[in-house]
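Undergrad: The following comprises the amino acid sequence and a computationally predicted model.
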Amino acid sequence: MAAAGRWLRSCCSLLSFPVLANIRRRCLSGVNGRWHQMVGVGLGVALCAVPVVEKQNSVSLSNDALIKRAVSLVTDSTSTLLSQTTYALIEALTEYTKAVYTLVSLYKQYASLLGKMNSEEVDAVWQVVIGARVDMTTKQQEYLRLESSWMTALRLSEMAAEAAYQSGADQASVTARSHIQLVKSQVQEVRQLSQKAETKLAEAQTEELIKAQGEESALPQGILGSTEAGEDPYLRED
């Protein structure tokens, strides 16, 4: 312990010399400079890490702005639904119109062949006509189902456009109403084609009925008389 004490005192006495004292001051000043530099850098990093809260624009967070944003999303969604249902309805109406024209063609062919076919040929042709009528009815039911969905989507789009107008989202309202008018015109155009086909079908059915009645009236009177004569004995026996 005594030796250690003497060694420390000798070190302290050495540091008291001017040259060594200057070295000590330079070392300590260098350490202090680096320390202050490190402290400054660390403080700057700490300040950068603190989040700076900017003042939010009060307009962007107002209730009116949030309503406009929400109603714009609603108009976009309803417009998408309306577009999908419109496409499905137009496709179904087109298929129905094709089925109607197919039936019109069959009725005309059947009417043109009346009086030229035997009973078996008439039955065969009539079975084809019946099958075409079933196909037409099926496609008619399909387009009526899709038309109901389209009407619902149309009402939703109209309500969304009105909500956008009431909330001040003028651009969303104008866009929605323009889209509504467009799909209405598209559906109306296809409807007119289907109505025209239905009119032709009614005309073909009337023509076939008139011709069938004319063929019956053109039968020889002897055939009709023999039929009645054949029925009389049976009735008399009863």
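TA: That came in fine, so what should we check first?

Undergrad: From now on I want contacts and neighbour counts done on CA atoms only, so please keep to that.
TA: Fine.

Undergrad: All the strands of the chain, residue numbers only.
TA: Shown for the chain, no strands are assigned by DSSP state E.

Undergrad: what residue ranges in this protein score low on pLDDT?
TA: 1-61, 215-238 (pLDDT under 70).

Undergrad: Select the longest helix from it.
TA: helix 63-113 (DSSP state H).

Undergrad: name the helices or strands packed onto it?
TA: The criterion is 3 or more CA pairs under 8 Å, 6 or more residues apart in numbering; DSSP states H and E, and the helices and strands that helix 63-113 contacts are helix 119-167, helix 170-217.

Undergrad: okay if I get these as CSV plus mean neighbour count?
TA: Output for the helices and strands packed on helix 63-113, formatted as CSV (neighbours: other CA atoms under 10 Å):
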stretch, mean neighbour count
helix 119-167, 17
helix 170-217, 15
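
Undergrad: right, so of these, which gets closest to Ala111?
TA: Shortest distance between Ala111 and the helices and strands packed on helix 63-113, using CA to CA, is found for helix 170-217: 4.9 Å.

Undergrad: Show me what that closest one is packed against.
TA: Packed against helix 170-217 by the contact rule (3+ CA pairs under 8 Å, 6+ apart) you find helix 63-113, helix 119-167.

Undergrad: would you list those in a markdown table and tack on distance to Thr199?
TA: Below are those laid out as a markdown table (distance: least, CA to CA, whole Å):
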| stretch | distance to Thr199 |
| --- | --- |
| helix 63-113 | 10 |
| helix 119-167 | 14 |
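
Undergrad: Please look at Glu142 and Ile90 and confirm they touch.
TA: No: Glu142 lies out of contact with Ile90 (CA atoms under 8 Å); the separation is 11.4 Å.

Undergrad: The residue nearest to Val187 when sequence neighbours are not counted: neighbouring residues, count only.
TA: Excluding the flanking residues, the one nearest Val187 by CA to CA, 6 or more residues apart in numbering is Ile90, at 6.3 Å. Other residues lying near Ile90 total 21 when counted by other CA atoms under 10 Å.

Undergrad: Could you pull up the residues touching Ile90?
TA: By CA atoms under 8 Å, 6 or more residues apart in numbering, the residues touching Ile90 are Gln186, Val187, Val190.

Undergrad: before we move on, back to that, can you say which of the helices and strands packed on helix 63-113 is nearest to Asn63?
TA: Distances from Asn63 to each of these were compared using CA to CA; the minimum, 10.3 Å, belongs to helix 119-167.

Undergrad: Count the residues that sit near Ser62.
TA: As a measure of burial, Ser62 has 10 neighbours, counting by other CA under 10 Å.
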